[in-house]
Each structure stands twice: as C-alpha cells, then as structure tokens.
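**Student:** Quick one, structure for this:
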Amino acid sequence: MNLLEKIRRHEARVTVIGIGYVGLPLVVEMARAGFHVTGYDKNEDKVRSVQAGRSYISDVSDADLQPLVQKGLITTTTDPDCLAKADVVIICVPTPLNKSKDPDNSYIVAAADDLVPRMHRDMLVVLESTTFPGFTREVLLPKLRESGLKPGEDFYLCFSPERVDPGNKRFHTKNTPKVIGGITPNCLEVIQAMYGEVIDRLVPVSSTDAAEMVKLLENTFRAVNIGLVNEVAIMCHRLGLDTWEVIDAAATKPFGFMPFYPGPGLGGHCIPVDPLYLSWKLRTLKYEARFIDLADQINGGMPQVVVERVRDALNDRKQAVNGSKILVLGVAYKKDIDDVRESPALDVIEMLQRLGAEVRFHDPHVPSLRLGEQRLYSVPMERLGDYDAVVILTDHSAVDYAKVVDHARLVVDTRNATRAVRGSARATIVSL
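**Tutor:** Numbering: from 1, shown residues only. A predicted model of the protein is given here:
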C-alpha cells in the first residue's frame, strides 16, 4: 500500500518532532482526525505529561487530550527510533535567534540528524518551524538526501508554516487556513492529501521558498505596523495627545486604515523573532531591510519608554524610583494566556530593579516567573494601596480594573485597560 492510500485510509503513522506550543495542538488535531500520532520530544517532562493526559499548553485542555491518549491515538517518546516507523514526520521545533540576532536553526538540524538514518521510502517530511526563505531547499533538502533517497520519488519534502495564535478562541489548528509548499509537484500532492484530512482549508503555493516567505510576511506586517503605532504613541506623548483617542477616531475610516495598538513591546514566539530571519537573509544578499530593522529598534525600545513613564510619574509625586514599591500587573506577552516567551514585562521588571525599585508582579495566568537567577511569584492584589505604582503591562480579562483604579495610588497603563473605569478612579492614571 503506498503513502497516498495509507493517508486516505487514515493508516499513515504520524510522528511530530517537538510537542510544544505548535506541535502539541497539531498532535491533537491529527489524532482527532483518526491518525495514530507519536509525539517525539527530548524533554522527558513533556513526554510524561502528555502520556498521562495532562496538557501544559493553554490551547489544549486535558479534556481534549485524555480521550485521545486513552484510545491509543496519541503516544509520546524520547526515543528517536520512533521515526523509523513513521510514514509522516512533521518538524515543529523552536527556531530562536542567537545573541547577535541571527537565526538559530540548530534544532531543525538536530531533528534532521535524528531522522536521516531512519528514513525510508514513501515518507512525507514537513517542516513547520519558522525559518528564512530557502532553508528547506538549501539546507534541509541536502541533509535529507544523505539518506540516499530521492525527493519527489522516494520521499516527499514540504514546508507549511505554523499559524498558532495562543489564546485565540475563534481560530485554531483545524479552521486556520494552512499554507503548503512542496519541493516538487509530487511533494505538494502528498501534503495536500495528508493535511486535507485534518485542516479545513489548504492554500497551496508554488514552492517551499514561497511558503517560508508567506510566514515572514505575515509577521513582518504585524511587527512593522506595531512599530509604527508605538512610535505614534511616543509622538502623541510629546504632543500632549491621547494616543488611544487618535487611533479610535482613525479606525472609523471604513477604508484604507487598519487599527494597531501600542504596548510595552513585542512578545511571543513569532512577532519579535521572525522578521529578523528575513532581514538576516536579505543581508546575505547585500540588501538592508530597513522597515524591519527600524521596527525592531522601536519595538525593542518600548520597555525603556515604559520605565521612563514610571520614573516621570513618580517624579511628579516627588518620589524616586529608587526605593519605590512597584507592582507589575500582567507578565504574559498578551492577554488571557500564560506564555511569557520574549515578554517585554521581563525587561521592564529588570530595568526597574536596576533603578532600585522593589518590584512584584501579579498575573492570574502566571503563578511564577524565572528572571535570571531570581524566581518571582505572583502576589495577590488585596493590598494595591501599599504600592507606590501599579504598571499594567497585560490587559487580562480576569483582572478587576475598577478595583485597581479605586485602590492604587498611581497607575501607569500601557494597554488602555483602565479606560472604561477612569471616570471613578481615585488613582492618578498615566497612559503610554
């Protein structure tokens, strides 16, 4: 039986390399579609947790995971030999930046090193990890060719960018359109067959390079527009204008405008990182991606802008940052999730501490936080009045902002979270 027939009969064995924020939701969706899925990860804690039916991802509930594990549709392992039994291998490993903000694709290469000696004929390999245009063709393909197998004939290689949006209640893995690109037309045919059994809508493109570029365009679009509106916030502050009033009024235009909103900086696994993959690639071609680099400069400087707002607001009360007690409200990078990856709150806390402030945090979704050698724990909000300033960095729905403005002395609101309750505020409120 060939691979296409196995896919149609849901008898293709799937292995997902990396069961984190991208991999685990995909594992669950593949199993829901009736495929037997193995989650392969080198993190023993994750492997044990999933095998016990316990999810560590907010978008995957235990109630979703447990029945699939109990039915035997999901198994997990730390043993790379599982790859030899797979018909479909999907790579969902991290692709961070190194200290010089260059792409770190070592996790993909390590996954390929595990895979090559275990490859067999009629295998589909899909890379979902974000990388620069050309990586699948220029780096991953030659690596997989070391198996002695021919792409498009003996095995099929594709790129399909993940589109995970943590906390999104409307769009998830199954109903988010999926971009797919193959090394050859045969490769594209096989991934269409496989993902077509799982995802509602597929968006084929002409090549893996095009699919890689699609992902970077999506996230560069957001990064650049957030950079623009963050600079607008800085300009409005200098001009004595309310940034949020200006944006809301502009958003009434029914054409030619899309509202973006300022904040303390960029966070998460995509927006702060992915555009720099593109600018790095272009530097190798002797081209400067100026919009990307400028947006990165502005967005990366927003934690400092927040600290300056706090400092100025305390100075207006004849109080120094040094020795002040400050509560940071919300450390997740976006509302109603527990993800602190690349969160600007980490920079804000460290900067305030370096200025001598005694900083605590409250986040209903993040019970504790590692910051260098420190381990900080979320504190209750019962004694808001004990803090010299409350800095709102994430606008969680679970936070009672009426209580915040009623009990705090000074509020620095970077998310406009207190807007609806400012009329009754006892606190002094400073906006971004």
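
**Student:** Please count neighbours and contacts with C-alpha atoms only from this point.
**Tutor:** Fine.

**Student:** where do the helices sit along the stretch 251-400 of the chain?
**Tutor:** 274-284, 290-300, 302-316, 344-354 (DSSP state H, counting those that start in this stretch).

**Student:** among those, which is nearest residue 379?
**Tutor:** helix 344-354 (14.5 Å; CA to CA).

**Student:** Run through the chain and note the low-pLDDT ranges.
**Tutor:** Counting by pLDDT under 70, the chain contains no low-confidence range.

**Student:** Any idea which residue is closest to the centre of it?
**Tutor:** In the chain, the residue lying closest to the centroid (CA atoms, centre = their mean) is residue 269, at 3.2 Å.

**Student:** tell me the domain boundaries of the chain?
**Tutor:** For the chain, the structural domains run 3-206, 229-431, going by automatic domain parsing.

**Student:** possible to save those as a markdown table with distance to residue 219?
**Tutor:** What follows is the domains of the chain, written out as a markdown table (distance: least, CA to CA, whole Å):
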| stretch | distance to residue 219 |
| --- | --- |
| domain 3-206 | 10 |
| domain 229-431 | 5 |
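
**Student:** between those, which gets nearest to residue 222?
**Tutor:** Taking the domains of the chain one by one with CA to CA, domain 229-431 is closest: 7.0 Å.

**Student:** quick one: terminal-to-terminal distance for the closest one?
**Tutor:** 14 Å (CA to CA, to the nearest Å).

**Student:** Determine how far that domain lies from the middle of the whole chain.
**Tutor:** The chain centroid and the centroid of domain 229-431 are separated by 17 Å, computed with CA atoms, centre = their mean, to the nearest Å.

**Student:** residue boundaries of the strands in the stretch 1-150 of the chain?
**Tutor:** Here the stretch 1-150 of the chain has its strands, by DSSP state E, counting those that start in this stretch, at 14-17, 37-40, 74-77, 88-91, 123-127.

**Student:** contacting residues around the residue nearest to the centre of the chain?
**Tutor:** Taking CA atoms under 8 Å, 6 or more residues apart in numbering, we find residue 269 in contact with 341-342.

**Student:** For it, give me the backbone phi and psi.
**Tutor:** phi -90, psi -10 (degrees, to the nearest 10).

**Student:** Look up how far residue 308 lies from it.
**Tutor:** 26 Å.

**Student:** Output stretch 109-117 as PDB, restricted to C-alpha atoms.
**Tutor:** Taking Å, rounded to 0.1, in the frame of the first residue of the first chain, the C-alpha atoms of stretch 109-117 are listed here in PDB:
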ATOM      1  CA  VAL A 109      19.400  20.400  12.000                       C
ATOM      2  CA  ALA A 110      19.300  18.200  15.100                       C
ATOM      3  CA  ALA A 111      15.900  16.900  14.100                       C
ATOM      4  CA  ALA A 112      17.200  16.100  10.700                       C
ATOM      5  CA  ASP A 113      20.200  14.300  12.200                       C
ATOM      6  CA  ASP A 114      17.800  12.100  14.100                       C
ATOM      7  CA  LEU A 115      15.700  11.500  11.000                       C
ATOM      8  CA  VAL A 116      18.200  10.800   8.200                       C
ATOM      9  CA  PRO A 117      19.400   7.300   9.400                       C
END
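
**Student:** what comes up buried for that stretch?
**Tutor:** 111-112, 114-116 (16 or more other CA atoms under 10 Å).

**Student:** can you list the residues that contact that stretch?
**Tutor:** With contact meaning CA under 8 Å, 6+ apart, stretch 109-117 is reached by 17, 80, 83-84, 91, 140, 143-144, 146-147.

**Student:** ok now that stretch, how far from the chain's centre?
**Tutor:** Distance, centroid of stretch 109-117 to centroid of chain: 25 Å (CA atoms, centre = their mean).

**Student:** mind listing the strands for the stretch 201-350 of the chain?
**Tutor:** 202-204, 325-329.
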